[in-house]
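In: Coordinates only, no sequence provided:
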């Protein structure tokens, strides 16, 4: 009897122990399924390579396959701490061209069997590292719920092991040389350029001063004495050759005769000044070498030419020729001895 009782007690204890051990295993299974019903959603995660060096790129892949049609979306993981994510991409799984069917974007478990995602990860910490999965949003018609994809463990080892005495290390190298514009002593270049410019300015100034001194030391060439009466006769002869009255250009002819006569009057009567009007010239001629009758003739000629120039007074060719003769007579009467050369005859 005692043996039977002991056997029954042992069996009861074993049953209790089995029941106690089964409950934790079920809890661990629910935890691994991340609170997603395993009968409705199948989730897988992988990392390649599982053992990587510090900072080496690791490719992580996740696959979500619902057993019934649901709307699912995998969010991009965020970098932070020892993790640096890049190249995240999510697309429908089991579809030939990788595109969602029209009108079924985001729906998996039907025409699109599942959803897959990949991302590149760089880990900057050593040891056995647990990498959390990205967020998974599922909407099965009862509202949107957010879950977390399974955690993946990777092992990160140093780039060069501490006990690796045969590591092929690169030789030590100095810093890169600075670019040429940073190596040029610009202050020295500017100082040399300034000195060069100063030297050129000194040489140019010395040569100019030397030329001026040589020009001052050289005797000035004698200038021929200007004969205003000869110049007036030559200008009158040139005017006669133009034959302006014969071309009907009486105003231009009167303008040139006035200029010749004014030059002679300014030479003979020093009181007359360039720019004087006809009344002012007549006023300045009083008390000079011109007598009263000659002043009246000069005044008549000037006023007649003013009417021709400004008022377009009528004039004939004969009157224009007579005006030329009057100017020539004025020049010859007041030209000093020896007499000026005879002016060529007027054009026929």
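Out: Right, received. Where do you want to start? Nothing here was measured: the structure is a model prediction, and the numbers come from that model.
In: Going by C-alpha atoms from here, please, whenever you check contacts or count neighbours.
Out: OK.
In: Quick check: residue 153 is in a strand.
Out: Yes - according to DSSP: H, G, I helix; E, B strand; the rest coil, residue 153 belongs to a strand.
In: hang on, it packs against residue 129?
Out: Yes - counting by C-alpha atoms under 8 Å, residue 129 is a contact partner of residue 153 at 5.6 Å.
In: mind listing what the helix or strand that residue 145 is a member of pairs with, with the direction of each?
Out: In this assignment (DSSP states H and E), residue 145 forms part of strand 144-148. Take DSSP bridges as the rule and strand 144-148 pairs in its sheet with strand 135-139 (antiparallel).
In: Give me the contacts around the strand it pairs with.
Out: For strand 135-139, the external contacting residues (C-alpha atoms under 8 Å, 6 or more residues apart in numbering) are 70-77, 144-149.
In: Are any of the residues you listed buried, and if so which?
Out: Neighbour-count burial (16 or more other C-alpha atoms under 10 Å) applied to these gives 70-77, 147-149.
In: Could you single out the nearest of the residues you listed to residue 125?
Out: residue 77 (17.9 Å; C-alpha to C-alpha).
In: Nearest spatial neighbour of that closest one, chain-adjacent residues omitted?
Out: residue 134 (5.2 Å; C-alpha to C-alpha, 6 or more residues apart in numbering).
In: And that neighbour, how far from residue 115?
Out: 13 Å (C-alpha to C-alpha, to the nearest Å).
In: of those two, who's got more company?
Out: residue 115 (24 against 18; other C-alpha atoms under 10 Å).
In: pLDDT value on the more buried one, please?
Out: Here, the pLDDT recorded for residue 115 equals 83.
In: picking that back up, starting at the chain centroid, how far to the strand holding residue 145?
Out: 53 Å (C-alpha atoms, centre = their mean, to the nearest Å).
In: What of stretch 226-237?
Out: 65 Å.
In: Which positions in that stretch come out as buried?
Out: 228-230, 232-237.
In: mind putting these in CSV, secondary structure, pLDDT and distance to residue 125 included?
Out: Output for these, formatted as CSV (DSSP: H, G, I helix; E, B strand; the rest coil; pLDDT from 0 to 100; distance: C-alpha to C-alpha, whole Å):
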residue, secondary structure, pLDDT, distance to residue 125
228, helix, 78, 110
229, helix, 78, 114
230, helix, 82, 113
232, helix, 81, 111
233, helix, 83, 114
234, helix, 85, 111
235, helix, 85, 109
236, helix, 82, 112
237, helix, 87, 113
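In: which of those lies closest to residue 159?
Out: Of the buried residues of stretch 226-237, the one sitting nearest to residue 159 (C-alpha to C-alpha) turns out to be residue 235, at 107.3 Å.
In: Tell me who's in contact with that closest one.
Out: So residue 235 contacts residue 260 (C-alpha under 8 Å, 6+ apart).
In: And residue 74, by the same measure?
Out: Here residue 74 is in contact with 90, 117, 134-137 (C-alpha under 8 Å, 6+ apart).
In: Most neighbours out of the residues you listed, which is it?
Out: Going by other C-alpha under 10 Å, residue 117 tops the contacts of residue 74 with 21 neighbours.
In: hmm, who's touching the helix or strand harbouring residue 265?
Out: Here residue 265, judged by DSSP H and E, is contained in helix 250-268. When contacts are defined by C-alpha under 8 Å, 6+ apart, helix 250-268 is touched by residues 228-229, 232, 235-236, 239, 244-245, 272-274, 289, 302, 305-306, 308-309, 312, 315, 320, 323-324, 327, 331, 334.
In: Give the next helix or strand downstream of it.
Out: Downstream of helix 250-268 (by DSSP H and E), the next one is helix 278-285.
In: And that next one, what does it pack against?
Out: helix 292-310 (3 or more C-alpha pairs under 8 Å, 6 or more residues apart in numbering; DSSP states H and E).
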